[in-house]
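Engineer: here is a sequence together with a model predicted from it:
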Amino acid sequence: RAAVVPLSTGWSDLGSWEAFYQAEQGDDSGNVCHGDVMTQDAENCYFNAQHRLVTAIGVRDLVVVETRDAVLVAPRERVQEVKNMVGRLQSARRTECRQHPLVYRPWGSYETLVMDARFQVKRITVNPGAELSLQMHHHRAEHWVVVSGTAEVTNGDAVHLFSENQSTYIPVGTKHRLKNPGVIPLVLIEIQSGAYLGEDDIVRFADVYGREG
């Protein structure tokens, strides 16, 4: 069952950053700015700062997009060539083209804050009543620090509750599970350390969402 009605309006599929620029009203210098942006003698540019301050001096007709894991700088007239750069990233097997820093899961989400060769820091958010799988890692240990909410942690054969500013340590090879028994989101900082930190180093023993592996 469907209904169709006429609509007289403008349309853009916003298929490029140039399309975003054209869809908005610029300032007195023709710049469109989002986020924490400061300009000096810049004209007809599109700036999108998502995580930190972006400053620009004496530039014209540019697109500058800053995200947590990458920065794009290109002339507005050539911004469609970003697809060529994506191809190069894929050929180089860069993680930036395979995984976004903010990843959603059935139980909530996690955001990668810092990544290095042998350690990684994430912000994990678990929805009220949700839980992660009972799992184990072969190559990494984890340290959890509760920022807000209450965490029910299975660590080997023990189950404990942790509240704000409390922490716990999960050794390598230990079965563990994280659950939010409360009515507000659980937010914690996870510090991973080990020789391999890939998301495929997960052995699941039980999962309420039916995931295997």
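Structural biologist: Yep, that arrived.
Engineer: where does the closest residue to residue 53 other than its chain neighbours land on pLDDT?
Structural biologist: When the adjacent residues along the chain are set aside, residue 53 lies closest to residue 36, with 4.7 Å between them (C-beta to C-beta, 6 or more residues apart in numbering). (C-beta placed from N, C-alpha, C; glycine too.) Each residue has a pLDDT score; the one for residue 36 is 98.
Engineer: residue 36 and residue 47, how far apart?
Structural biologist: Shown here: residue 36 relative to residue 47, a distance of 10 Å by C-beta to C-beta, to the nearest Å.
Engineer: which one's more surrounded, those two?
Structural biologist: When residue 36 is set against residue 47 and neighbours are counted by other C-beta atoms under 10 Å, the residue ahead is residue 47, at 24 against 14.
Engineer: in which helix or strand would I find the more buried one?
Structural biologist: Taking DSSP states H and E as the definition, one finds residue 47 inside strand 46-49.
Engineer: show me what that strand is packed against.
Structural biologist: Using 3 or more C-beta pairs under 8 Å, 6 or more residues apart in numbering; DSSP states H and E, the elements in contact with strand 46-49 are helix 17-23, strand 32-34, strand 37-40, strand 62-66.
Engineer: just those: most buried one?
Structural biologist: Each of these was given a mean neighbour count from mean count of other C-beta atoms under 10 Å, and the largest, a mean of 21, is that of strand 62-66.
Engineer: got a list of contacts for the next helix or strand after that one?
Structural biologist: Counting by DSSP H and E, the next helix or strand C-terminal to strand 62-66 is strand 71-75. The set of residues that contact strand 71-75 without belonging to it, under C-beta atoms under 8 Å, 6 or more residues apart in numbering, is 17, 61-66, 81-82.
Engineer: try it again at 7 Å.
Structural biologist: The contact list for strand 71-75 (C-beta atoms under 7 Å, 6 or more residues apart in numbering) reads 61-65, 82.
Engineer: buried stuff in the helix or strand just after it?
Structural biologist: Under the assignment DSSP H and E, the closest C-terminal helix or strand after strand 71-75 is helix 82-91. With burial defined by 16 or more other C-beta atoms under 10 Å, not one residue of helix 82-91 is counted as buried.
Engineer: list the contacts of helix 82-91.
Structural biologist: Helix 82-91 is touched from outside by 72, 74, 96-97, with contacts defined as C-beta under 7 Å, 6+ apart.
Engineer: now list the buried members of those residues.
Structural biologist: Members of these classed as buried by 16+ other C-beta under 10 Å are 74, 97.
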